[in-house]
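# fold the following, please.
(chains A and B)
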Amino acid sequence: DAGITQSPRHKVTETGTPVTLRCHQTENHRYMYWYRQDPGHGLRLIHYSYGVKDTDKGEVSDGYSVSRSKTEDFLLTLESATSSQTSVYFCAISEGHEQYFGPGTRLTVT
Amino acid sequence: RKEVEQDPGPFNVPEGATVAFNCTYSNSASQSFFWYRQDCRKEPKLLMSVYSSGNEDGRFTAQLNRASQYISLLIRDSKLSDSATYLCVVNFNQAGTALIFGKGTTLSVSS
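Here you go, the predicted structure:
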């Protein structure tokens, strides 16, 4: 257990509304990641963080922003949700090159 | 483009069977390699890191062939509980921040 929680676990929202997903870890890991998983695709990296206030874009960052004001929390924000952002979102931490995942957030944009 | 390719399956096998999954990757400079297991509607969980010399963990054996850019996972004496999707994952940079995931291979073990 890597001590990762995600909230909310499920969310239904309307197109155009802002949404923030939270990832919380208890073990002081430096690196944190946000991925999305969709049918027909492998997990794809949205953004990652390598320390407080240090973030970088991943493969599918358009339409998403992130913030990390504390080591333990990494927030993913959809400024104006679109139906194409309906997905399962996973947070992860890394220990060396191995990554460990949170339980996921299932987001539906209607 | 960095890619990881897997046979999606499904692989349907009886209990006790031996089954092998293969994975190919596109970038010869890849740094590290992993197999993850994902159950339906759950998060991926690390099954094994794959080392150059190959490694074994109980019924599971992973092999890496850098020359052919190929990774394999062998499961012996399959159990019902092995039914899941197996993800091949390749890291493409030294920092460990560039993991590329295959789409997964589905295994169904039946009694």
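
# spell out which parts of chain B neighbour chain A.
When proximity is defined as Cβ under 8 Å from any Cβ of the partner chain, chain B approaches chain A at B:4, B:31-32, B:34, B:42-46, B:49, B:87, B:91, B:95-104. For every residue, glycine as well, the C-beta is placed using N, CA and C.

# tell me which of the residues you listed fall in helices.
Residues from the residues of chain B next to chain A lying in helices, with DSSP state H as the criterion: none.

# which ChimeraX command selects the buried ones in those?
Here is the ChimeraX command that picks out the buried ones among the residues of chain B next to chain A, judged by 16 or more other Cβ atoms under 10 Å in any protein chain shown:
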select /B:4,32,34,43,44,46,49,87,91,96,97,98,99,100,101,102,103,104
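
# can you show me the strands along chain A?
Remark: strands of chain A, listed N- to C-terminal, are A:4-7, A:10-13, A:19-25, A:32-37, A:44-51, A:54-57, A:64-70, A:73-78, A:87-95, A:98-101, A:105-109; assignment by DSSP state E.

# who does the last one pair up with?
In other words, strand A:105-109. Using DSSP bridges, the strands paired with strand A:105-109 in its sheet are strand A:10-13 (parallel), strand A:87-95 (antiparallel).

# name the residues of it that come out as buried.
Neighbour-count burial for strand A:105-109 [16+ other Cβ under 10 Å]: A:105, A:107, A:109.

# any idea how far A:V12 is from the last one?
For A:V109, the distance to A:V12 under the criterion Cβ to Cβ, to the nearest Å works out to 8 Å.

# what's across from the residue nearest the centre of chain A in the sheet?
Nearest residue to the geometric centre of chain A (Cα atoms, centre = their mean): A:W34, 3.2 Å. A:W34 forms beta bridges with A:H47, A:C91, as assigned by DSSP bridges.

# quick one: it and A:V66 touch, right?
Yes: between A:W34 and A:V66 there is a contact at 6.5 Å, judged by Cβ atoms under 8 Å.

# what touches both of these two?
In terms of Cβ atoms under 8 Å, 6 or more residues apart in numbering or on different chains, A:W34 and A:V66 are both contacted by the residues A:46-47, A:74, A:76.

# out of those residues, the closest to B:A62 would be?
The closest of the shared contacts of A:W34 and A:V66 to B:A62 turns out to be A:I46 (Cβ to Cβ; 27.9 Å).

# now stretch A:66-75: buried residues?
By neighbour count, with 16+ other Cβ under 10 Å as the criterion, the buried positions of stretch A:66-75 are A:66-68, A:72, A:74-75.

# span of stretch A:92-101 from start to end?
From the first residue to the last, stretch A:92-101 extends over 4 Å; the measure is Cα to Cα, to the nearest Å.

# revised request: answer the last question for stretch B:101-111.
Stretch B:101-111 stretches 30 Å from its first residue to its last (Cα to Cα).

# and what of stretch B:5-20?
Calculated as Cα to Cα, the first-to-last residue distance of stretch B:5-20 is 15 Å.
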